[in-house]
Structure formats: C-alpha cells, structure tokens
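S.K.: Pasting the sequence and the predicted coordinates here, then a few questions.
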Amino acid sequence: AQRVTQPEKLLSVFKGAPVELKCNYSYSGSPELFWYVQYSRQRLQLLLRHISRESIKGFTADLNKGETSFHLKKPFAQEEDSAMYYCALVGYNFNKFYFGSGTKLNVKP
Amino acid sequence: DTGVSQDPRHKITKRGQNVTFRCDPISEHNRLYWYRQTLGQGPEFLTYFQNEAQLEKSRLLSDRFSAERPKGSFSTLEIQRTEQGDSAMYLCASSPLFLLAGGSSTDTQYFGPGTRLTVL
C-alpha cells in the first residue's frame, strides 16, 4: 500500500544548526516525491520536488530508492524556516497524492 | 489575486445538515484536487478532476460526499447528512500538467486556503 511516513511530529533546533526532516515512503513503482511547507497562517505550498534536483531556500532532498527515503536537509537552519513540513508522493499518472502527517520544525534563536 | 480561492472559509453546521463548498482554481489549470485534513494529520486525498472529468475518488469518500466540476473551471464539494466526524479542514488544489524532456510529466499543486467545517 502507498504510504508516506514522517516519524517526527516536532523537531526543535537552534538557529545555525543543521536540520534533517525524515521521510520514508512505500510505493510499488517509481513515485515522484515532493516536500510541501506551511508557514504560520499561510496556505500549503510546494518547497521542492525530487525531479528538479534543486535547492530551495537552502533546503535539499535526495531520493534514496534503496532506503525508500526522501529526507529534507538544510545545513544551517534559520528562524524563518519554522513551519510545518509535509512530504508527499504521487504515482506515475499524477492522479493521487499521498501526504505524510507532517513535521513541525521549530528553529530557536 | 490569481491564486486558488475557496468559499466559505469557515462553516459551522448541525449534524444532519447538508453543506456545499466551492473551489475556484487558477484559471489555466486543468487539474483540481480535493483533500481533507484533520488535526495532526497531513492532507488526505478525496478526489481529483481533470477538466470536468472526475478521474479518481478515494474509497474513504462515502456516498454522502459528492464533487462536481461542471465546466472544467470551479468545483463544488457537497456533504450530505453531515456527521461530527466530518469536521475537518477541506482543501482544494489545482495544477497544470506539462511535459518534461524525455516524455515524463509532473505538476505542482497550488493550494487554496481551505474551508474549515465544524459539525455540532
């Protein structure tokens, strides 16, 4: 069954510290993976997707098919990174997206 | 504002009543998705349209739920005989579809602000 797991509900780090938000998935096939972010009182928005292989706001994510993971990383966290982060996957036909339960990142000054 | 809009933003209703939500996607987007989000959970897929055709529907969607997108533009989600368990945030998202080099395709979803439903 298709599933996205984000094991941490809350992650607290100090400003300037590295951060890694974990995401593991289960999917029979080759999914596309995304990270979405929701800042306080804002709507959900795309942060990055694996197919683009880009870095957004200093965040990167590498798809590891062997470990079925798509962890989100940033070497130096900033206070403005504090938000809710959701990992999501979609199958080849883009008909159905599966979201994880989210990780709240709290970056302390 | 050319973003996805949803109406109403909040709805309080009594158990057993019917409610209808509206979503206006970004105008050139041909794909439209509905999700439900409860506290502490991520968005949960409900249904998906490509233009006016409803192509996918979650098994979680009971017969009390129905969605339409009559002209391939705005969409409505109706819940009949609401139950307290229907209380949630209902999110709409729209996306374009485009091809990448090599024939693959991907799209980015643009989310609306959501409609918060409270069933008393």
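M.R.: Noted; the coordinates are in hand.
S.K.: Quick check: the residue of chain B nearest chain A.
M.R.: residue B:42 (3.4 Å; CB to the nearest CB). From N, CA and C alone the C-beta is placed, and that goes for glycine too.
S.K.: Could you verify my assumption that that residue touches residue A:86?
M.R.: Yes. The criterion here is CB atoms under 8 Å, and residue B:42 meets it with residue A:86 at 4.9 Å.
S.K.: returning to that earlier point: which residues are in contact with the residue of chain B closest to chain A?
M.R.: Counting by CB atoms under 8 Å, 6 or more residues apart in numbering or on different chains, residue B:42 touches A:4, A:6, A:86, A:88, A:99, A:100, A:101, A:102.
S.K.: If we ignore the residues flanking it in sequence, what's nearest residue A:89?
M.R.: Residue nearest to residue A:89 in three dimensions, not counting chain neighbours: residue A:31, with 4.2 Å by CB to CB, 6 or more residues apart in numbering or on different chains.
S.K.: my read: that neighbour touches residue A:23, true?
M.R.: No. Using CB under 8 Å as the test, residue A:31 is too far from residue A:23 to be in contact (11.6 Å).
S.K.: These two: which is more packed in?
M.R.: Neighbours per residue (other CB atoms under 10 Å in any protein chain shown) separate residue A:31 from residue A:23, with residue A:23 holding more: 27 against 23.
S.K.: burial measure for the residue of chain A found nearest chain B, as a count.
M.R.: Taking CB to the nearest CB, chain B has its nearest neighbour within chain A at residue A:99, 3.4 Å off. Neighbours of residue A:99 under the rule other CB under 10 Å: 21.
S.K.: residue ranges with poor pLDDT in chain A?
M.R.: For chain A, the stretches flagged by pLDDT under 70 are A:92-94.
S.K.: Now with 90, please.
M.R.: Counting by pLDDT under 90, chain A contains low-confidence residues at A:1-3, A:27-32, A:49-56, A:62-63, A:65, A:90-97.
S.K.: Kindly report the same for chain B.
M.R.: Ranges of chain B meeting pLDDT under 90: B:1-2, B:27-31, B:40, B:48, B:50-51, B:53-63, B:71-72, B:95-109.
S.K.: residue ranges of the strands in it, please?
M.R.: Using DSSP state E, the strands of chain B run over B:5-7, B:10-13, B:19-24, B:31-37, B:44-50, B:53-57, B:65-68, B:75-79, B:88-95, B:98-99, B:105-106, B:110-111, B:115-119.
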